[in-house]
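Novice: the amino acid sequence is not available; the structure is as follows:
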């Protein structure tokens, strides 16, 4: 299928008349709805609003609400506290459990075990990168209790 001058003229006329892209594609034949939308965009034809379709008067009016749903019009009654406020930081740090003693040597990818914490420490691209390596104990997941509290707030 190619966009001939006649097909482009038909597209422009039907688009200006407010026909849907699907209807235009059906009338032109051998072209998809997306092809019609793409061609209209490339031609710079006027865009359409989401509610551009005409409402069918045979449908009951209750299907077309005139006001916003309740969930869209709700406003927050109080401001959200800033994360940098001293009170918020203090509350978060108090919830963290104390970490158990660190291992004697740095834990690398090669020395990780199933029971060691996989919390990365440092920059992986730099010398000295290692993992926490503390015992996970009975904590589920890849981290010790201290790092799990940080990761899963």
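Specialist: Perfect, I can see it now. Nothing here was measured: the structure is a model prediction, and the numbers come from that model.
Novice: okay, now residue 20: neighbour count?
Specialist: Residue 20: 15 surrounding residues under other Cβ atoms under 10 Å. For the C-beta atoms, the positions are set from N, CA and C on the backbone; glycine is no exception.
Novice: and it, how close does it get to residue 45?
Specialist: 14 Å (Cβ to Cβ, to the nearest Å).
Novice: what of residue 152?
Specialist: 50 Å.
Novice: more neighbours: which of these two?
Specialist: Counted by other Cβ under 10 Å, residue 152 and residue 45 do not tie: residue 45 has more neighbours, with 14 against 8.
Novice: for the more buried one, which non-adjacent residue is closest in space?
Specialist: Distances taken as Cβ to Cβ, 6 or more residues apart in numbering place residue 15 nearest to residue 45, at 5.2 Å, with adjacent residues excluded.
Novice: pLDDT score assigned to that neighbour?
Specialist: Listed pLDDT for residue 15 reads 92.
Novice: which SS state does it fall under?
Specialist: At residue 15 the chain is in helix, as set by DSSP: H, G, I helix; E, B strand; the rest coil.
Novice: who's in contact with it?
Specialist: Contact analysis of residue 15 by Cβ atoms under 8 Å, 6 or more residues apart in numbering lists 24, 40, 45.
Novice: okay, and the common contacts of residue 20 and residue 45?
Specialist: Counting by Cβ under 8 Å, 6+ apart, residue 20 and residue 45 have no common neighbour.
Novice: can you list the domains in this structure?
Specialist: Per the record, the chain has its domains at 5-43, 90-153, by automatic domain parsing.
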